[in-house]
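> quick one, structure for this:
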Amino acid sequence: MSVNLLPQATVKDVKKADSSLRGMVVLFVWLGLLVVVFVFLFFNESLEKGKLRDAESQKTTLLSQITDLGTTQDEYYTLAYKTLVLSRIKTDQYVPSTIGNYVKEKIEGTGKVQQYYFDAKGVVRLQIETTSYYTAVKIWHELLKDKTVMSELNLTSFSQDAKGKVSFQLTGTLNLAELYIEHGITK
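Numbering: from 1, shown residues only. Next up is the predicted model:
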C-alpha cells in the first residue's frame with residue numbers, strides 16, 4: 001500500500017484556483033474585446049477619411065464646372081450683345097425719314113402717324129389715328145395700292161376712343177430698295 005504524502009487540496013484552495021482561472025479568462029476576453037473595438041474604430045476612421053476625400057474631390061469637380069458655366073454665360077451675353085448691336089447697325093442703315101415721308105404722303109390730310117416701326121428683316125408696323133372708320137379704311141386702301149413698297153399690309157388692331165378718334169395698326173412687309181428708288185435715294 002502506498003501512502004499519499006501530498007497534502008489534500010481543500011475546498012478553499014480549489015475555489016481559489018478556480019477563481020484565478022476565471023479571472024484570467026475574463027481578462028483575455030476583455031483584452032480581445034478591446035482589440036476588436038480598436039480594430040473596428042481604425043477601419044471606420046479609414047473608411048470615413050476615404051469618404052471625405054471623395055466628397056472633397058466631387059466638390060472640386062463641381063466648383064470647376066460652375067466656374068466653366070460662368071464663362072459660358074459670359075460668352076452667351078457677349079454673343080447676345082453683339083447680335084443686338086449688329087441688328088441695330090443693319091436697322092440704322094435704313095433712312096427712317098424716307099419711310100415716314102412715304103407714309104405721310106399717302107395719308108396727308110386724312111390721318112396722323114402716331115408711330116411706326118421697322119426692322120432689318122423688312123417688317124413694318126404703322127400706328128395711325130384718324131377721325132372715323134371710313135377714313136381709316138381709305139388710308140389702308142391707299143397704302144395697299146402701291147404693292148411694290150409695302151406688301152401684305154394687314155390690319156392688326158382697330159379701336160375708337162371716347163372722343164370718336166379711331167386708332168388702328170397695320171403690319172406688313174417693306175421693300176426698302178423700291179422705296180429708296182421712288183425717292184431718289186441711292187445706297
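> so where's this structure uncertain?
In the predicted model of the chain, residues 1, 4-6, 9, 14, 17-18, 70-74, 86-98, 120, 179-180, 182-187 satisfy pLDDT under 70.
> please enumerate the helices of it.
Using DSSP state H, the helices found in the chain span residues 11-92, 96-107, 133-145, 176-182.
> quick one: the second one to helix 133-145, angle?
Pointing back at helix 96-107 there. Inter-element angle recorded for helix 96-107 and helix 133-145: 120 degrees (by axes from the mean of the first three to the mean of the last three CA atoms, to 10 degrees).
> helix 96-107 packs against which elements?
strand 111-118, strand 123-130, helix 133-145, helix 176-182 (3 or more CB pairs under 8 Å, 6 or more residues apart in numbering; DSSP states H and E). Yep, even glycine has a C-beta here, placed from its N, CA and C like the rest.
> what do you get if the cut-off is 6 Å, keeping everything else the same?
helix 133-145 (3 or more CB pairs under 6 Å, 6 or more residues apart in numbering; DSSP states H and E).
> separation between G111 and V39?
Relative to V39, G111 is positioned 96 Å away (CB to CB, to the nearest Å).
> oh, I was asking about I139
I139 is 96 Å from V39, where distance means CB to CB.
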